[in-house]
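*Asks:* Curious how this folds, go ahead:
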Amino acid sequence: MSTAFALTACTEELPSSIALSSQGEQIEISYDPLPSNDYADLGDVVGVGVGPSNSEAEQNARNDLRNRAAQLGGTYVHVSDTQQTAYGYFSAKVKVVLRGSAFKAK
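*Replies:* Numbers count the residues shown, from 1 in each chain. Okay, here's the model as predicted:
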């Protein structure tokens, strides 16, 4: 196996842009804890985005996170962890991973 193939085979392909769905637009996203106990926890969600800059990668990750929370029937997502890393071996892209929990009003 050639070195070039080995390097490309290990890199997951992520879209350069993630559109926010109409359901995702309804999801409130926050880095602060929930204001009350009037929400049911729907489970963990992870959003991943890439882009040429931190802000574009984070926006894609936020869109992915909100879309995934919407798929669970949520109305709110609390982000509990953010990671930023370089993406790809020879590119100047950034990868952002947002982890959190989806909630729905009781």
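*Asks:* Can you give me every residue that contacts residue 38?
*Replies:* Residue 38 makes contact with 105, 106, according to C-beta atoms under 8 Å, 6 or more residues apart in numbering. For the C-beta atoms, the positions are set from N, CA and C on the backbone; glycine is no exception.
*Asks:* and the closest residue to residue 61 other than its chain neighbours, what are its bridge partners?
*Replies:* Once flanking residues are discounted, residue 61 sits nearest to residue 49: 3.4 Å by C-beta to C-beta, 6 or more residues apart in numbering. Taking DSSP bridges as the rule, residue 49 bridges to residue 96.
*Asks:* okay, now residue 49: neighbour count?
*Replies:* As a burial measure, residue 49 scores 25 neighbours (other C-beta atoms under 10 Å).
*Asks:* Also residue 87?
*Replies:* Residue 87 - counted by other C-beta under 10 Å - has 20 other residues nearby.
*Asks:* Kindly provide the distance from the spatially closest residue to it that is not a sequence neighbour to residue 57.
*Replies:* The shortest distance from residue 87 to any non-neighbouring residue, by C-beta to C-beta, 6+ apart, is to residue 95 (3.8 Å). According to C-beta to C-beta, to the nearest Å, residue 95 stands 6 Å off from residue 57.
*Asks:* that older thread, pull up the per-residue confidence for the residue nearest to residue 87.
*Replies:* On pLDDT, residue 95 comes in at 93.
*Asks:* Regarding the most centrally placed residue in the chain, which helix or strand does it belong to?
*Replies:* Centroid check for the chain by C-alpha atoms, centre = their mean gives residue 47 as the closest residue, at 1.7 Å. Assigning secondary structure by DSSP states H and E places residue 47 in strand 39-51.
*Asks:* for the record, mean pLDDT for that strand?
*Replies:* 94.
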